[in-house]
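> my questions are about this predicted structure, shown below with the sequence.
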Amino acid sequence: MTSRKTQETEESVDEFVTSISDSNKREDCRALVDLFSTATKQVPKMWGAQIVGFGKRHYTYANGKPAEICKVGFAPRSRSFAFYLGDFPGRSELLADLGKHRFSGECLHIARLSHVNLRVLKKIIQSSYHI
């Protein structure tokens, strides 16, 4: 059985953000680190090579093996930011007020922070973190 790739690492979040070549995406990433940090009151950690995560969520695989992942986080992808958030009461209503986004599976995708209402995004992050 292979080990899980998405684990908390000791890599620097700041170095990861600085390494993003697209200046607009890099600035949005810095703003997201601040927004998530404020919303969760957690220090950002790298999870795997490209996920900036906040907090830890423990769970158990079907085979009984324990595992953990960040409670909430984001990853800058080529076309958008992928947000890893949980389901919570009122999520649909907040997403309706968020602005330009798409939702796929359990991931929220936003191309640019300027396309969304940051107060609503903060509420989504807080609500997702506290479930």
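Noted; the coordinates are in hand. What you see is a predicted model; the values in this text were computed from it and never measured. Numbering: from 1, shown residues only.

> what about the helices in the chain?
Using DSSP state H, the helices of the chain run over residues 13-18, 23-40, 91-98, 118-129.

> of those helices, which is nearest Val72?
When the helices of the chain are compared by C-beta to C-beta, helix 118-129 sits nearest Val72, at 4.9 Å. Yep, even glycine has a C-beta here, placed from its N, CA and C like the rest.

> remind me which residues of this protein are low pLDDT?
1-5 (pLDDT under 70).

> spatially, what comes nearest to Lys25 if we skip its sequence neighbours?
Pro76 (5.4 Å; C-beta to C-beta, 6 or more residues apart in numbering).

> ok, that neighbour - how many residues close by?
20 (other C-beta atoms under 10 Å).

> what's the answer for Lys71, then?
A count of nearby residues for Lys71, using other C-beta under 10 Å, gives 21.

> follow-up on the earlier one: isn't the residue nearest to Lys25 up against Ile20?
Yes - counting by C-beta atoms under 8 Å, Ile20 is a contact partner of Pro76 at 6.1 Å.

> what do the two both touch?
Common contacts of Pro76 and Ile20, defined by C-beta atoms under 8 Å, 6 or more residues apart in numbering, comprise Cys29.

> how far away is the residue nearest to Thr18 when sequence neighbours are not counted from Pro76?
Spatial nearest neighbour of Thr18, chain neighbours left out: Arg26 (7.3 Å); criterion: C-beta to C-beta, 6+ apart. For Arg26, the distance to Pro76 equals 8 Å [C-beta to C-beta, to the nearest Å].

> out of the helices of the chain, nearest to Arg112?
The closest of the helices of the chain to Arg112 is helix 23-40. By C-beta to C-beta, the value is 6.4 Å.

> restrict that closest one to CA atoms and write it as PDB.
What follows is helix 23-40, C-alpha atoms only, in PDB (Å, rounded to 0.1, in the frame of the first residue of the first chain):
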ATOM      1  CA  SER A  23       2.600  38.000  -9.900                       C
ATOM      2  CA  ASN A  24      -1.300  38.400  -9.700                       C
ATOM      3  CA  LYS A  25      -1.700  34.800  -8.400                       C
ATOM      4  CA  ARG A  26       1.200  35.300  -6.000                       C
ATOM      5  CA  GLU A  27      -0.500  38.500  -4.500                       C
ATOM      6  CA  ASP A  28      -3.800  36.700  -4.300                       C
ATOM      7  CA  CYS A  29      -2.100  33.800  -2.600                       C
ATOM      8  CA  ARG A  30      -0.600  36.200   0.000                       C
ATOM      9  CA  ALA A  31      -4.000  37.700   0.600                       C
ATOM     10  CA  LEU A  32      -5.500  34.200   1.100                       C
ATOM     11  CA  VAL A  33      -2.800  33.200   3.600                       C
ATOM     12  CA  ASP A  34      -3.800  36.300   5.600                       C
ATOM     13  CA  LEU A  35      -7.600  35.700   5.200                       C
ATOM     14  CA  PHE A  36      -7.400  32.100   6.200                       C
ATOM     15  CA  SER A  37      -5.100  32.900   9.100                       C
ATOM     16  CA  THR A  38      -7.500  35.500  10.400                       C
ATOM     17  CA  ALA A  39     -10.600  33.400   9.800                       C
ATOM     18  CA  THR A  40      -9.100  30.200  11.500                       C
END
